[in-house]
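**Q** coordinates only, no sequence provided:
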Ligand SMILES: Cc1ncc(C[n+]2csc(CCOP(=O)(O)OP(=O)(O)O)c2C)c(N)n1
């Protein structure tokens, strides 16, 4: 052997050896390996000392063994870089760190035996040649694995045992191989058949990534064996139709009916969606007769936006199934494109939720259909990272890169990933490296942008063709068998195609089933009884004001409690925050669970909620809402990660699945909801029209002009209003605690589920007048339009407004002794209660001037939305708008200017200054 391998001096070595001799555990593990497996000790004299020649021999041996350890480590760390995972390129040559020469070995060392116990195999010793072969097969075959970034030793060990023990080689029976072939055949023939029958129609062919289908089959079968009862899929366009037909079991007749463009007015209300966005669900019965429910989540075109929605759905399903410990019975499966996985920020946001209390789902299985292109964009243009999956390293997920042209390796990798998830409840990624046979969609010509690449792809044998050749060679198959399967399946598709052409095959819209039964009624203004007996309010208030024995409550919080209790006992007034706690508390008391998530929501951004108390000495948390009574429902409140898109997506997914809970997402300030705009526009507002999917999600958006500048004043009410149609959402700006109380309760007490967007207060949280008598909680209900609380006998002028501004207006009216101006509040902006509006405003026939007053600039707020409606009702009596001038920015940054503007608005609204 050639010297030197390692710069380790002999004295140090002796010291280590001595320490090891005294107590093996006292030296680092690597040294334990070095010393334990070697004949080294035999060369020592009786006292354990090494004589000089022996020391030299020993030193050499130890150094060589150390280099073997380095070699092993190099393969574990870097092997994936030399793995043969890219079907479009020749296998990479070994990087230098993987060569024996790098570690000082030459051809003469190949038959030298080394201690092999560092490897997780049954071999105690291996020759260097065998060791290299084992490392190469394990880490540089059709599967390359990145896992040494995982800090947890148990996880790394487990993976090593699995991978090194089997050399990462699939061991499949003949039957399993033929199953793979059948799935590949169905995948390919489905694409080719639809291509020939519906040329030019977009289907986002899976070709080049067909291994996905056998992998999913094996995944579902394997998952069932590991106790999974339900899998929630989220995926984009690529291969979605193939997955729908060949995995979720949507009938081919139904699929072709979609291609025929049949529109079934009786079964599909609303506008529907293109076929590659729709959801579907079915039951899969495994070979061992287990049933797994498969559910594909409907999604918009916006790539990756569905990820957090799937996670939220899974969490809700886990709760329903009582799967809240290891969370192994419901599995989230996200299928990504390579460009989207690397490019979309919501991926990182969603990964960041994966281990958080309140959001964890026991690990997500991520499959990447890595076709090495995004539309026309190549990897070098679309990411700064080496692999498209690098983002997943942030949560220390193991990442399996696997050659998509090797279906057995793909199946093997997916099985391993699944077992890892079931074992460690953590995310795991399988990157199926393939190619895209055609253009981005079926109308695209990829030769325009990647002529050379696509000339090569054109003549590539398909995954199926290559696999057939392999099976024939291995003696598992006769070529005719394969052909028979193709023609049988083609016939099946042809018959389905004929049926779909002849008749409209009912597209089964799986809406309002199961938990959602009975929630499909139309929206109405039918009053919802949300009143609560005083005895219940009192019982809840007592629990909310009861400090447990020995609990050291912050004095600021403690100070509020006697006042609140007294107010409830004596039926006086309560503030906003307490009304909110009472709304949630009474629901919990009645058995309805409540979930609230948002940034700093436990305490409340404005230090108003204190839903979680902290012991000032021990910092032990206490949640009064979970101590109301035996058998109450659970209150779940979570400070979320600093994300909007993923957290709102998660809560929306939760609400999509669970109609029996009050599920609320709170923005820190309303404007931050911007960051979740895709979830709002593409899911919350449009889901019923597109996919017949309702949700009762509540958005709490702090809103109001208080001089805090452009970013903390406005929740962009106007954008929500712009998305209103067909009673798709309820948008409210309540002005009193009682209204808010009934609004929240009504959300789960009514017989439909409708998203609720609430503009919530900031300064009114501490406004002396923004209080409601307990009697209004006891007897009242939410009123869409609130009449003047002290209507003037003869109103000359009527001011219409919403939310917070009312309190400024009434204060000014009183201060100025104005007795001829009435104030009417539109508490619910959408759906707009025309009838109630007519009757309330009807009482002010004598008011010749009616104005709309708002704090927001003219191009914002409710004005542009309400104007046509108000005009319709009021005609020429509507004499205009009072509010801020149109503004590109949401609010001024100057407190002085804010005050001037605010005062002017109030004066003008009440007719004390001429409107501009
Ligand atoms: C957020 C978003 N931006 C842009 C698009 C338009 N778009 C649709 S598919 C696509 C390429 C996606 O590439 P990749 O993730 O690799 O998936 P592939 O289509 O290659 O399977 C783009 C840019 C989109 N749908 N969503």
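**A** Perfect, I can see it now. Computed from a prediction, not measured in an experiment: that's the story for all the values here.
**Q** pLDDT score assigned to whichever residue of the stretch 751-900 of the chain sits closest to the ligand?
**A** Closest contact between the stretch 751-900 of the chain and the ligand, by C-beta to the nearest ligand atom, is at residue 755 (21.9 Å). (C-beta placed from N, C-alpha, C; glycine too.) pLDDT for residue 755: 98.
**Q** repeat that for residue 22.
**A** pLDDT recorded at residue 22 is 88.
**Q** what helix or strand does residue 758 sit in?
**A** Using DSSP states H and E, residue 758 falls within strand 756-760.
**Q** strand partners of the helix or strand following that strand, parallel vs antiparallel please.
**A** Next along the chain after strand 756-760, taking DSSP H and E as the criterion, comes strand 772-773. Sheet pairing of strand 772-773 (DSSP bridges) gives strand 573-574 (antiparallel).
**Q** quick check: residues of the stretch 351-500 of the chain near the ligand?
**A** For the stretch 351-500 of the chain, the residues in contact with the ligand (C-beta under 6 Å from any ligand atom) are 369, 371, 373-375, 436, 440.
**Q** one more time with 8 Å, if that's ok
**A** In this structure, the stretch 351-500 of the chain approaches the ligand at residues 369-371, 373-375, 377, 382, 388, 436, 440, judged by C-beta under 8 Å from any ligand atom.
**Q** then the stretch 551-700 of the chain?
**A** Within the stretch 551-700 of the chain, the positions near the ligand by C-beta under 8 Å from any ligand atom are residue 678.
**Q** can you give me the helices in the stretch 551-700 of the chain?
**A** Under the criterion DSSP state H, counting those that start in this stretch, the stretch 551-700 of the chain carries helices at the ranges 555-569, 576-589, 645-657, 677-678, 687-691.
**Q** which of the residues of the stretch 351-500 of the chain next to the ligand fall within strands?
**A** 369-370 (DSSP state E).
**Q** so of the residues of the stretch 351-500 of the chain next to the ligand, which ones are in helices?
**A** residue 382 (DSSP state H).
**Q** between the residues of the stretch 351-500 of the chain next to the ligand, which sits nearest residue 596?
**A** The nearest member of those to residue 596, counting by C-beta to C-beta, is residue 388 at 35.6 Å.
**Q** need the longest helix for the chain.
**A** Once the chain is assigned using DSSP H, the helix that runs over the most residues is helix 52-78.
**Q** just checking, what packs against that one?
**A** For helix 52-78, the elements it packs on are helix 10-22, helix 29-36, strand 113-115, helix 128-139, judged by 3 or more C-beta pairs under 8 Å, 6 or more residues apart in numbering; DSSP states H and E.
**Q** rank the ones you listed by pLDDT, which is bottom?
**A** helix 29-36 (a mean of 65).
**Q** winner for burial among the helices of the stretch 551-700 of the chain?
**A** Burial of these is given as mean neighbour count (mean count of other C-beta atoms under 10 Å); helix 645-657 ranks first at a mean of 29.
**Q** can you name every helix or strand that that one contacts?
**A** In terms of contacts (3+ C-beta pairs under 8 Å, 6+ apart), helix 645-657 is packed against helix 306-320, helix 345-353, strand 594-598, strand 662-666.
**Q** sorry, back to before: please pick the buried ones from the residues of the stretch 351-500 of the chain next to the ligand.
**A** Buried residues within those, counting neighbours by 16 or more other C-beta atoms under 10 Å: 369-371, 373-374, 382, 388, 436, 440.
**Q** and the closest residue to residue 229 other than its chain neighbours, how far from residue 466?
**A** Among residues not flanking residue 229 along the chain, residue 329 sits closest, at 4.8 Å (C-beta to C-beta, 6 or more residues apart in numbering). Separation of residue 329 from residue 466 (C-beta to C-beta, to the nearest Å): 37 Å.
**Q** could you check how far the closest residue to the ligand within the stretch 601-750 of the chain is from residue 194?
**A** Nearest residue of the stretch 601-750 of the chain to the ligand (C-beta to the nearest ligand atom) works out as residue 678 at 7.5 Å. Residue 678 sits 29 Å away from residue 194, going by C-beta to C-beta.
**Q** ok, now residue 308?
**A** The value you get for residue 308 to residue 194, if C-beta to C-beta is used, is 31 Å.
**Q** higher neighbour count, those two?
**A** residue 308 (30 against 23; other C-beta atoms under 10 Å).
**Q** list the contacts for the more buried one?
**A** 346, 349-350, 353, 645-650, 653, 679 (C-beta atoms under 8 Å, 6 or more residues apart in numbering).
**Q** using CSV, lay out the buried ones among the residues of the stretch 351-500 of the chain next to the ligand together with distance to residue 189 and pLDDT.
**A** Below are those laid out as CSV (distance: C-beta to C-beta, whole Å; pLDDT from 0 to 100):
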residue, distance to residue 189, pLDDT
369, 19, 98
370, 23, 98
371, 20, 97
373, 24, 97
374, 27, 96
382, 31, 97
388, 29, 98
436, 18, 97
440, 22, 93
